[in-house]
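1. after the sequence you'll find the predicted model.
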2 protein chains.
Amino acid sequence: MHDVAAAARVSVATVSRVLNGNEKVDPERQRRVLSAIEELGYRRDGVARNLRRGSTKVWGLVISDIENPFFTSLVRGVQDQADEEGYSIILLNSDEDLDKEGRCLALMVEERVAGAILSPVSETKSVMDLLISTGTPTVMVDRRIRGLAVDTVIVDNVLGAYDGTMHLLGAGHRRVACISGPAESTTGSNRVTGYLRALEKTALAAEPELIRTTDFKRGGGYRATLDLFRQDPRPDALIVMNNLMTEGALHALRELGLRVPRDVALVGFDDLSWATLVEPQLTTIAQPVRELGRAAAELLGRRCRGDSFGFPAEVMLAPSLQIRESSVSKQPFSGDSAADSRSPRTR
Amino acid sequence: MHDVAAAARVSVATVSRVLNGNEKVDPERQRRVLSAIEELGYRRDGVARNLRRGSTKVWGLVISDIENPFFTSLVRGVQDQADEEGYSIILLNSDEDLDKEGRCLALMVEERVAGAILSPVSETKSVMDLLISTGTPTVMVDRRIRGLAVDTVIVDNVLGAYDGTMHLLGAGHRRVACISGPAESTTGSNRVTGYLRALEKTALAAEPELIRTTDFKRGGGYRATLDLFRQDPRPDALIVMNNLMTEGALHALRELGLRVPRDVALVGFDDLSWATLVEPQLTTIAQPVRELGRAAAELLGRRCRGDSFGFPAEVMLAPSLQIRESSVSKQPFSGDSAADSRSPRTR
DNA sequence: TTGAAAGCGCTAACAC
DNA sequence: GTGTTAGCGCTTTCAA
């Protein structure tokens, strides 16, 4: 920078001003600076800049599993919006582990990220203290931490599960089983709540032997399904509360020799890229995942600019039931369910 | 840090030494420093540290589409290894666009990343110049840039495509169509090469009307498939050179009313999480994607430590053909292909 | 083994 | 509008 200033016969301050472009600079000098920069191949040192300004243009994004398509789309949404606002994303992996999550947060604080977006591992344990005490702008996404006043973007999980369950009940199924995630997670518990509300609405009693909570992973869905369907009488329908567990459930059902939807009607939470490629096409509760990420980043951008509402915002997006074939019995109980069975092609 | 030093009745230099832990410090003083840090809730400023040390503990990872499961697994592999070596990952999105890629590189240089891993948009255009001129350790992954002496980790695409094609030819198919990606990309062109080699080996002439190159995306695969199978005579087999295009191809085949494998035998490059959930189960050429990422990060780690080989390393990993049902005709031409049709369950 | 002090490259007062 | 200059918080000589 010193060299650039010398070459352009100006001071370093002028070079800085040209680089930042906010203050007025004589056009002629500006030209000289620009060409000196070009000539010398000068690149500003962002680290020094960050130190001096006391802030970075980086956001930390903490998720538990980049290989889960849900988080993948979330990352994409966050990144798109971050791009627009001039931030980069440092991607941290909590692996669904509290300790690791803690280390991620510590790292973010050390690196002085301008803000953080996280999908907390646990609903209760407040690892947030660190972020709060350092005043790091933060947005929770997908899950929330109970009783914490912080910006949050989530999907209406209760509604989604309710809709999916009602859809199965409406088709005449009476033994609707449910596989959800850990009760400690917002998503896990809220989806069960939605399921229970639907039963209630239909004046059906909740039967504990129809409900399983496991780990939101393929293996968990697989084992829970085996477990559920080895009972007698067995369920006549199943709602699985996330994408990976749905994959596991499909494997299990096939292994058990049960046909969908003839033997079991199926609804899965989270849309799947291949939902319309399988036979039968899968009925899913689609979440607006990318928008979830976008919204979180937008909120964070606002906080970072300081033009936020004083109080924490909570954005709740609505999921949408994609009715396809897996949930539609060949012999519908009610006459009008045929209208539902048209498969809305998603391409 | 000043405060910590004061509280511990030592100098800032000693605090620094304790923090870094390489130099010898009197145990008693060390204890005082540690408890002062605890007491004051002090956290070292990583930005200042980076400035002073002239290097960061961050690697930049540039990929074109985080929503493609291939890149997702790649990211995971990189991240796992980076974690182990004490680096964080800043994830940049090139969107398959040269301009955007250029901006990503510029950003990395500005932010003084310790190293870069990238999957270059174009095989020829050397946007690498910037990284080279700044001396940023770099590893290419998945694709390479022709004639550039830089560490590279790729999969043996020629071999993968060759194996897949041979498998189809071995089952007796004689009109094997091929859909690949852009000829300018290493992956696109090498996979066509593998396909051609297999034809050659079988003493079959390459027929241009059986080959399509498109964009490695769902829509491209879909359109190319429609295009290929509306010909007369139509192909009796199809090899699709990536995951997304395979999805598109499946949609197209269904739309055309063609059954797999009865009417068309199918092999897809890239394994798919749901390959064993569809009917028929899909034969795929699986890439060791996570290992690809891990290997790249390992190479980069070595470069950053300076304990690298002087010359650029090229690591080539082998893909593996996963023979399932989609490639196996109901009436096999050769007697022994039945042995191949056992589905190797991947879970 | 420790402390004093220089300075990494930049931005933002401040004085002109 | 422009230049001078004081740090941002840390690490690392260097001398003790």
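-> That came through fine. Since the model is a prediction, treat every value here as computed from it, not as a measurement.

2. show me what the helix or strand harbouring A:Leu299 packs onto, helices and strands only.
-> Element membership for A:Leu299, per DSSP states H and E: helix A:289-305. The contact analysis (3 or more C-beta pairs under 8 Å, 6 or more residues apart in numbering or on different chains; DSSP states H and E) places helix A:289-305 against helix A:69-85, strand A:115-118, strand A:138-141, strand A:151-155, strand A:314-317. Bear in mind the C-beta positions are built from the backbone N, C-alpha and C, glycine included.

3. how about 10 Å then?
-> Contacts defined by 3 or more C-beta pairs under 10 Å, 6 or more residues apart in numbering or on different chains; DSSP states H and E place helix A:289-305 against strand A:58-63, helix A:69-85, strand A:115-118, strand A:138-141, strand A:151-155, strand A:314-317.

4. now the second one against helix A:289-305, angle please.
-> If I follow you right, that is helix A:69-85. Between helix A:69-85 and helix A:289-305, the angle comes out at 40 degrees (axes from the mean of the first three to the mean of the last three C-alpha atoms, to 10 degrees).

5. for DNA strand C, what are the nearby residues on chain A?
-> Residues of chain A found near DNA strand C (C-beta under 7 Å from any atom of the strand) are A:1-2, A:12-13, A:16, A:19-20, A:44-45, A:48-49, A:51-53.

6. spell out which parts of the stretch 51-200 of chain A neighbour DNA strand D.
-> A:51-52, A:54.

7. for A:Leu92, which non-adjacent residue is closest in space?
-> Distance criterion C-beta to C-beta, 6 or more residues apart in numbering or on different chains; nearest residue to A:Leu92, sequence neighbours excluded, is A:Cys104 at 4.0 Å.

8. surely that neighbour is within a strand?
-> No - counting by DSSP: H, G, I helix; E, B strand; the rest coil, A:Cys104 is not part of a strand but helix.

9. what's A:Asp228 in contact with, if anything?
-> No, residue A:228 isn't Asp; it's Leu. Contacts for A:Leu228 (C-beta atoms under 10 Å, 6 or more residues apart in numbering or on different chains) come out as A:175, A:177-179, A:209-212, A:234-235, A:238, A:249, A:252, A:256, A:264.

10. which element is it on?
-> Using DSSP H and E, the element containing A:Leu228 is helix A:218-229.

11. just checking: what are the partner strands of the helix or strand just after that helix?
-> Later in the chain than helix A:218-229, the nearest helix or strand by DSSP H and E is strand A:237-240. Sheet partners assigned to strand A:237-240 using DSSP bridges are listed as strand A:176-180 (parallel), strand A:265-269 (parallel).

12. would a markdown table of those strands with distance to A:Val78, mean neighbour count and mean pLDDT be doable?
-> Putting those into a markdown table (distance: least, C-beta to C-beta, whole Å; neighbours: other C-beta atoms under 10 Å in any protein chain shown; pLDDT from 0 to 100) gives the following:
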| stretch | distance to A:Val78 | mean neighbour count | mean pLDDT |
| --- | --- | --- | --- |
| strand A:176-180 | 26 | 29 | 98 |
| strand A:265-269 | 21 | 28 | 98 |
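
13. distance to B:Asp26 for those - can I get that in CSV?
-> Output for the strands paired with strand A:237-240, formatted as CSV (distance: least, C-beta to C-beta, whole Å):
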stretch, distance to B:Asp26
strand A:176-180, 55
strand A:265-269, 58
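
14. next, the angle strand A:176-180 makes with the helix holding A:Leu228.
-> Using the same axes, to 10 degrees: helix A:218-229 against strand A:176-180 is 150 degrees.

15. in helix A:218-229, which residues are buried?
-> Residues of helix A:218-229 classed as buried by neighbour count (16 or more other C-beta atoms under 10 Å in any protein chain shown): A:218, A:220-226, A:228-229.

16. can you verify my assumption that A:Tyr162 contacts A:Cys178?
-> No - using C-beta atoms under 10 Å, A:Tyr162 is not in contact with A:Cys178; the gap is 11.6 Å.

17. what's the overlap in contacts for those two?
-> With C-beta under 10 Å, 6+ apart as the test, A:Tyr162 and A:Cys178 both reach A:191, A:194-196, A:198-199.

18. and the closest residue to DNA strand D within chain A, how far from A:Asn20?
-> Of all residues in chain A, A:Asp26 sits closest to DNA strand D, at 2.6 Å by C-beta to the nearest atom of the strand. Computed as C-beta to C-beta, to the nearest Å, the A:Asp26 to A:Asn20 distance reads 15 Å.

19. and the contacts of A:Leu228, which are buried?
-> A:175, A:177-179, A:210-212, A:234-235, A:238, A:249, A:252, A:256, A:264.

20. pick the one among those closest to B:Lys125.
-> Of all these, B:Lys125 sits closest to A:Ala249, with 46.2 Å by C-beta to C-beta.

21. assess the claim that that closest one and A:Val264 are in contact.
-> Yes - here A:Ala249 reaches A:Val264: they are 9.3 Å apart, a contact under C-beta under 10 Å.

22. name the residues contacting each of these two.
-> Joint contacts of A:Ala249 and A:Val264 (C-beta under 10 Å, 6+ apart) are A:177, A:225, A:228-229, A:238.

23. helix or strand, whichever it is, which one in chain A has the lowest mean pLDDT?
-> Least confident helix or strand of chain A, by mean pLDDT, DSSP states H and E, is helix A:129-134 with a mean of 91.

24. show me what counts as buried in it.
-> Applying 16+ other C-beta under 10 Å to helix A:129-134 flags A:130-131 as buried.

25. so which elements touch that helix?
-> Judged by 3+ C-beta pairs under 10 Å, 6+ apart, the packing partners of helix A:129-134 are helix A:98-110, strand A:115-118.

26. so what's the gap between the shortest one and the chain middle?
-> By that I understand strand A:115-118. Put simply, strand A:115-118 sits 12 Å off its chain's centre (C-alpha atoms, centre = their mean, to the nearest Å).

27. quick one: mean pLDDT over stretch A:309-318.
-> Mean pLDDT, stretch A:309-318: 91.

28. ditto for stretch A:190-209
-> On average, stretch A:190-209 scores 97.

29. if I look at the residue nearest to A:Lys57 when sequence neighbours are not counted, how far off is A:Pro137?
-> Distances taken as C-beta to C-beta, 6+ apart place A:Tyr87 nearest to A:Lys57, at 5.3 Å, with adjacent residues excluded. A:Tyr87 sits 11 Å away from A:Pro137, going by C-beta to C-beta.

30. determine which two of the residues of chain A next to DNA strand C are furthest apart.
-> Across those, no pair lies farther apart than A:His2 and A:Arg53, at 19.2 Å, counting by C-beta to C-beta.

31. per-residue pLDDT of the residue of chain A found nearest DNA strand C, please?
-> As assessed by C-beta to the nearest atom of the strand, DNA strand C sits closest to A:Met1 within chain A, at 2.7 Å. At A:Met1, the pLDDT value in this model is 92.

32. now A:Trp59
-> So, for A:Trp59, pLDDT stands at 98.

33. return a ChimeraX selection command for the buried portion of the residues of chain A next to DNA strand C.
-> Remark: buried members of the residues of chain A next to DNA strand C, expressed as a ChimeraX selection using 16+ other C-beta under 10 Å:
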select /A:1,16,19,44,45,48,49,51
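
34. go through the residues of chain A next to DNA strand C and flag which are in helices.
-> Among the residues of chain A next to DNA strand C, DSSP state H puts A:2, A:12-13, A:16, A:19-20, A:48-49, A:51-53 in helices.

35. so how far is B:Glu67 from the nearest residue in space to A:Arg290 that is not next to it in sequence?
-> In space, A:Arg290 comes closest to A:Gly77 once its chain neighbours are excluded; the distance is 3.9 Å by C-beta to C-beta, 6+ apart. Distance, A:Gly77 to B:Glu67, by C-beta to C-beta: 10 Å.

36. intersection of neighbour lists for the two?
-> With C-beta under 10 Å, 6+ apart as the test, A:Gly77 and B:Glu67 both reach A:289-290.

37. ok, which pair from the contacts of A:Leu228 is furthest apart?
-> A:Ile211 and A:Leu256 (18.7 Å).

38. pLDDT below threshold where in the stretch 101-250 of chain A?
-> For the stretch 101-250 of chain A, not a single residue meets the criterion pLDDT under 70.
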